[in-house]
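Enquirer: Provide a 3D model corresponding to the input given below.
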Amino acid sequence: MRHKRPSSRPVSRSVFGLARLKSAVAACAVLALMPVATVQAGASPDPVQIEILDGGMTKRGTYMGALRLTLDSGWKTYWRAPGDAGIPPRFSWRGSRNIGDVSMTWPAPEVFMTSGYRTIGYHDQLVLPIEITPANPAKPVRIKGRMELGVCKDVCVPSELSFDHRPDPEAGRNPAIVAALASRPYSAQEAGVSSAICSLSPGSYGMRVEAQITMPSAGGEEVAVIEPGTPHLMAGETSTERRGGILLARTEFMPATSNSPTSIDRSRLRITVLGRSHSVDIKGCDAG
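Expert: The predicted structure follows:
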């Protein structure tokens, strides 16, 4: 059964500007200098709290769980690609035991305008499903670590959320996790994407990327986000334009540091299209 995805109302901007990117970087730098609010799970007066949800064992022998963030009214936090002036979340699993691999499924985010900048994230609550592969299936798993994130209302502040949990292998299906998994973006196949072609050309400050995606409309004014798939590159704002059955998305990748390599692997590019009726997750694109 196909689950209906929650609708979102994105706002698209058509001009990529280095000045805006610099402003976003400056905003993140200011936030990085602000004091960090350390939040312990379940006991916090801060605008965001965290808890670990159990979802039991899968048929693959993995543990299903989720990080649930609960935000005070009016506060929001950011998606993995936070937009012009957001703060990307970061995770540390230090202190965990018997974890071979952790994979996350991000629910489809919303697009906000914050002080003239486009940001992408969530309000009220985020349930982020995590699937854990034990390093040794015969031994218990312990999930311990922290999540660093930004939360915003009238002001933006960084927070550090600590968690420590031992998954219950006997737990049943958790409705909150099931709902979060159902709200993920469609895959390219589910959304009817017939092709995704990426052209590369030298830009003013890095490498310009133009993606031509042949796909039905995702509804309303679509917003595309192109992620480089490597920490060595940072992406500017993506402009989005619909031409009939083709969606055009353009951005420019720049080195994250002065010593970062600038090569781009098209197979690692990730394009997310956010529309009013649904979102689409496209992994990799062909040369063009």
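
Enquirer: What's the mean pLDDT across stretch 146-163?
Expert: Rounded to a whole number, the mean pLDDT of stretch 146-163 is 92.

Enquirer: same thing with stretch 248-268?
Expert: Average pLDDT, stretch 248-268: 90.

Enquirer: Quick one: neighbours of the closest residue to residue 231 other than its chain neighbours, just the number.
Expert: In space, not counting the residues next to it along the chain, residue 231 is nearest to residue 256; the distance is 6.4 Å by C-beta to C-beta, 6 or more residues apart in numbering. The C-beta positions use only the backbone N, C-alpha and C, and glycine is treated the same way. By other C-beta atoms under 10 Å, 14 other residues sit near residue 256.

Enquirer: again, but for residue 252
Expert: 23.

Enquirer: May I have the strand or helix carrying it as PDB, with CA atoms only?
Expert: Residue 252 is part of strand 246-255 when elements are defined by DSSP states H and E. Output of strand 246-255 as PDB, limited to C-alpha atoms (Å, rounded to 0.1, in the frame of the first residue of the first chain):
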ATOM      1  CA  ILE A 246      11.700  18.700 -17.600                       C
ATOM      2  CA  LEU A 247      12.800  20.200 -14.300                       C
ATOM      3  CA  LEU A 248      16.000  22.300 -14.500                       C
ATOM      4  CA  ALA A 249      18.100  22.700 -11.400                       C
ATOM      5  CA  ARG A 250      21.300  24.700 -11.200                       C
ATOM      6  CA  THR A 251      23.900  25.200  -8.400                       C
ATOM      7  CA  GLU A 252      27.600  25.800  -8.000                       C
ATOM      8  CA  PHE A 253      29.900  23.600  -5.800                       C
ATOM      9  CA  MET A 254      32.800  25.100  -4.100                       C
ATOM     10  CA  PRO A 255      35.700  23.600  -2.100                       C
END
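
Enquirer: which residues are in contact with that strand?
Expert: Strand 246-255 has contacts (C-beta atoms under 8 Å, 6 or more residues apart in numbering) with 16, 18, 21, 203-215, 222, 224, 226, 228, 232-242, 261-262, 264, 271, 273.

Enquirer: Now restrict these to buried residues only.
Expert: Neighbour counting by 16 or more other C-beta atoms under 10 Å classes 16, 21, 203, 206-213, 215, 222, 224, 226, 228, 232-240, 242, 264, 271, 273 among the contacts of strand 246-255 as buried.

Enquirer: list the contacts for residue 161?
Expert: Contacts for residue 161 (C-beta under 8 Å, 6+ apart) come out as 39, 41, 48, 49, 50, 69, 146, 147, 148, 149.

Enquirer: try 7 Å this time
Expert: Counting by C-beta atoms under 7 Å, 6 or more residues apart in numbering, residue 161 touches 39, 48, 50, 146, 147.

Enquirer: Secondary structure, distance to residue 118 and neighbour count added to those, as a markdown table?
Expert: Listed next are those as a markdown table, based on DSSP: H, G, I helix; E, B strand; the rest coil; distance: C-beta to C-beta, whole Å; neighbours: other C-beta atoms under 10 Å:
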| residue | secondary structure | distance to residue 118 | neighbour count |
| --- | --- | --- | --- |
| 39 | strand | 27 | 24 |
| 48 | strand | 22 | 23 |
| 50 | strand | 26 | 22 |
| 146 | strand | 28 | 20 |
| 147 | strand | 23 | 20 |
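
Enquirer: is it true that residue 214 touches residue 245?
Expert: Yes - between residue 214 and residue 245 there is a contact under C-beta atoms under 7 Å: 5.9 Å.

Enquirer: for the contacts of residue 161, which one is nearest residue 91?
Expert: Residue 91 lies nearest to residue 147 out of the contacts of residue 161, by C-beta to C-beta, at 5.5 Å.

Enquirer: if I look at residue 206, how far off is residue 236?
Expert: Residue 206 sits 8 Å away from residue 236, going by C-beta to C-beta, to the nearest Å.

Enquirer: Could you do residue 200 as well?
Expert: In this structure, residue 200 and residue 236 are 15 Å apart, going by C-beta to C-beta.

Enquirer: any chance you could map the strands in the stretch 1-150 of the chain?
Expert: Using DSSP state E, counting those that start in this stretch, the strands of the stretch 1-150 of the chain run over residues 37-40, 48-57, 63-71, 76-83, 90-92, 99-104, 110-114, 117-123, 125-134, 143-152.

Enquirer: any low-confidence regions in the stretch 101-250 of the chain?
Expert: The stretch 101-250 of the chain contains no residues with pLDDT under 70.
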